[in-house]
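**Student:** got a predicted structure plus its sequence, pasted below:
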Amino acid sequence: MKIIHMLGSAAAILAVAVPMNAWAQQVGTYNGTTADGNSVSFTVGVDPSNGDFEITGATIFFTATCHVTGDMVNTGWGFGMGQDIVGGTAPFQSGDEYFDIYSPANIVFHGTQTVTGHLVSRTAVFRSGTPPTQAEFCISPSQAFTATFSTTDRASPLPVGSTAVYHGRTNGTDTRDVVPANR
């Protein structure tokens, strides 16, 4: 009886001692959509400094309402980052002078196949004029998202601090600009 009790105690100790991040997510790309139908993508890699899984990059598309004109803007930002995933969760925020995308609460990895959360997105746009002389903020309210693991192939992440912007156009043409980290 003592041996069975000791084995049960040893198993419980091992379960606690085994790191949770060994099964909480996997290296690769997770693709999905927000509640309003825009696409999201997260790339997971391994942090070379500590061996933990980390979000190495993301691309977030969103529809935002501009606060002055009421216009709707469809845009997307891709960015490199290095955010460690601890216990299956990660805080999420990226931004610069032109955009701010964050999760009001951590994003959560559910096993190796799914990541969920909420995202709030903001961008600044020029107002009409040639040349434009004013800008305004456009904000997307908190959007729930779900992304599922799609491939072990990882998109080459942008360097930490770099961004790529995808501009939605009404004529169906999209453009992409990359802003280096040392601009």
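**Tutor:** In hand now; what should we look at?
**Student:** what about residue 75, how many residues nearby?
**Tutor:** Taking other Cβ atoms under 10 Å as the neighbour definition, residue 75 ends up with a count of 22. Just so you know, the C-beta spots here come from the backbone N, C-alpha and C atoms, and that holds for glycine as well.
**Student:** so who does residue 27 touch?
**Tutor:** Contacts were defined as Cβ atoms under 8 Å, 6 or more residues apart in numbering; by that measure residue 27 touches 44-46, 53, 152, 154.
**Student:** swap the cut-off to 10 Å and go again
**Tutor:** Contact analysis of residue 27 by Cβ atoms under 10 Å, 6 or more residues apart in numbering lists 43-46, 53-54, 56, 112, 149, 152, 154.
**Student:** in space, what's closest to residue 90 - neighbours in sequence excluded?
**Tutor:** By the measure of Cβ to Cβ, 6 or more residues apart in numbering, the closest residue to residue 90 outside its immediate chain neighbours is residue 83, 5.1 Å from it.
**Student:** any idea which element the one you found lies in?
**Tutor:** Using DSSP states H and E, the element containing residue 83 is strand 72-84.
**Student:** for residue 44, same thing?
**Tutor:** Under the criterion of DSSP H and E, residue 44 resides in strand 39-46.
**Student:** and the next helix or strand past that strand?
**Tutor:** Counting by DSSP H and E, the next helix or strand C-terminal to strand 39-46 is strand 53-66.
**Student:** which parts of that next one are buried?
**Tutor:** 53-64, 66 (16 or more other Cβ atoms under 10 Å).
**Student:** so residue 114 sits against residue 108, correct?
**Tutor:** Yes. Counting by Cβ atoms under 10 Å, residue 114 sits close enough to residue 108 to count as a contact (8.8 Å).
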